[in-house]
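Have a look; sequence and predicted model below, questions after that.
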Amino acid sequence: MSATILEGAPIAQKIKGELKAQILKLQDTLPPKLVAILAGDNPGSKFYAKSQQKDCEELGIGYELKQVPDDFSQAEMVCVIDELNNDGSVTGIILLVPVPEHLDARTLQAAIDPIKDVDGVHPANLGRVVQADRTLAPCTAQAAVAMVEAAGVELEGAEVVMVGHSEIVGKPTALLLLEPLATVTVCHIGTKDTAAHTREADIVIVATGVPGLVKPDWIKPGALVVDVGINRVKGEDGKTKIVGDVAPGAEEVAGILTPVPGGVGAVTAAMLMKNTVAAATMQAGA
Ligand code: NAD
């Protein structure tokens, strides 16, 4: 068996395409503008900022990268966030992570006005996920769910195993998949035998940051496997490459598999645009 490879790009394009009319409409009321805050100059964050800017430009959304010195204190960071919260022309705020060690990202994210929290990481927006409200849910969780939906697998009654229980991926993804009445099991670092769970699953979603954790013999033949992992590893040729949390060979067992790179990542970026438009729309109507 060779799995169908479910690419993220067409799904991302569809999501972005659906936003264009809304963005046009907002030009007359409150044009969306996203501000990304970067403390220091982490190269990974700069890379993400560049691709956010590109997505915003493609859609006609304003974008600003607000770079602050890496020795800014927590209080100074909160001031920056407050200023953006109070600026009526800024409709979306995202804190680029990781932040320098002396800063507490979670507290900073909680300082963002929830209606501008396009990353979906404010406790209020995480809480709404419990109520099945995806409006400003974490982008990666929305992307993982969008991949599952795009695969067209029946969710009611499906056995889903979510490997990973982080606040921005594992937990919200598991909660969102309970809504269509899937039976969701969450495995994590404390799970005694994760493979025993994944082998029984119709759908496996993996977000652990452990390259190649899910081996081909962990997968039920024909299952849908959504690989959220993005890991930089050194290849045999000494060059750095991006791999997922699912090991090579999974495509011989799975029915549908999302690739890395080229899978969930592209959809996550599109979800940030979707959240940015949703936040502006809410503020325009407020
Ligand atoms: P995290 O470090 O916050 O959480 C990792 C989770 O994996 C934890 O819940 C932990 O319990 C679990 N885990 C770790 N080792 C395990 C093991 N051996 N067995 C079972 N569970 C184990 O990570 P995160 O922020 O959720 O990110 C996870 C991965 O997803 C990373 O590779 C990250 O780069 C990637 N990611 C991708 C996107 C995207 O758009 N595709 C977005 C965010 C994160």
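Nice, thanks for sending it over.

Close to the ligand: what parts of the chain are there?
Contact residues, the chain versus the ligand (CB under 6 Å from any ligand atom): 140, 143, 163-166, 168-170, 187-189, 191, 194, 207-210, 213, 228-231, 264-265, 268. In short, each C-beta sits where N, CA and C put it, glycine included.

Now restrict these to buried residues only.
Among those, the ones that count as buried by 16 or more other CB atoms under 10 Å are 140, 143, 163-166, 168-170, 187, 194, 207-208, 213, 228-231, 264-265, 268.

quick one: which of those residues sit in strands?
Secondary structure from DSSP state E places 163, 187, 231 of those in strands.

out of those residues, who's nearest K50?
Nearest to K50 among these is N231, at 20.3 Å by CB to CB.

residue boundaries of the strands in the protein?
Under the criterion DSSP E, the chain contains strands at 4-5, 33-39, 62-68, 92-95, 159-163, 183-187, 203-206, 224-227, 231-234, 240-243, 256-257.

So which of those strands is the most surrounded?
strand 203-206 (a mean of 29; mean count of other CB atoms under 10 Å).

Tell me which residues are up against it.
For strand 203-206, the surrounding residues in contact (CB atoms under 8 Å, 6 or more residues apart in numbering) are 144, 148, 153, 158-164, 173, 182, 198, 213-214, 218-219, 223-229, 244-246.

same thing with stretch 66-82?
Taking contacts as CB under 8 Å, 6+ apart, the residues outside stretch 66-82 that touch it are 35-41, 84, 93, 95, 99-100, 102-104, 107-108, 111-112.

any idea how far L6 is from the ligand?
Counting by CB to the nearest ligand atom, to the nearest Å, the separation of L6 from the ligand is 13 Å.

Repeat that for A36.
Applying CB to the nearest ligand atom to A36 and the ligand gives a distance of 15 Å.

One more: T135?
Using CB to the nearest ligand atom, T135 is found at 19 Å from the ligand.

That residue reaches V129, doesn't it?
No: if you go by CB atoms under 8 Å, T135 and V129 don't touch, sitting 9.8 Å apart.

Can you spell out the domain ranges of the chain, please?
30-115, 137-266 (automatic domain parsing).

Can you convert those into CSV and add a column each for mean pLDDT?
Listed next are the domains of the chain as CSV, based on pLDDT from 0 to 100:
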stretch, mean pLDDT
domain 30-115, 97
domain 137-266, 98
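
which residues in this structure form helices?
Listed in chain order, the helices of the chain (DSSP state H) span 9-26, 43-59, 74-86, 105-111, 123-130, 139-151, 170-178, 194-198, 264-285.

Pipe these into TSV and attach distance to E252 per row.
Converted to TSV, the helices of the chain look like this (distance: least, CB to CB, whole Å):
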stretch	distance to E252
helix 9-26	24
helix 43-59	32
helix 74-86	48
helix 105-111	39
helix 123-130	35
helix 139-151	18
helix 170-178	25
helix 194-198	16
helix 264-285	21
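
And those: which comes nearest A3?
helix 139-151 (10.7 Å).

Can you spell out which helices and strands pack onto that closest one?
Applying 3 or more CB pairs under 8 Å, 6 or more residues apart in numbering; DSSP states H and E, one finds that helix 139-151 contacts helix 9-26, helix 170-178, strand 203-206, strand 224-227, helix 264-285.

go again using 10 Å as the cut-off
Under the contact definition 3 or more CB pairs under 10 Å, 6 or more residues apart in numbering; DSSP states H and E, helix 139-151 sits against helix 9-26, helix 123-130, strand 159-163, helix 170-178, strand 203-206, strand 224-227, strand 256-257, helix 264-285.

Which neighbouring elements make contact with the third one?
Just to be clear, that refers to strand 159-163. Packed against strand 159-163 by the contact rule (3+ CB pairs under 10 Å, 6+ apart) you find helix 139-151, helix 170-178, strand 183-187, helix 194-198, strand 203-206, strand 224-227.

Kindly reformat those as a markdown table containing distance to A286.
Formatted as a markdown table, the helices and strands packed on strand 159-163 follow (distance: least, CB to CB, whole Å):
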| stretch | distance to A286 |
| --- | --- |
| helix 139-151 | 22 |
| helix 170-178 | 25 |
| strand 183-187 | 34 |
| helix 194-198 | 44 |
| strand 203-206 | 34 |
| strand 224-227 | 35 |
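
Quick one: closest of these to L272.
Of all the helices and strands packed on strand 159-163, it is helix 139-151 that lies closest to L272, at 4.9 Å by CB to CB.
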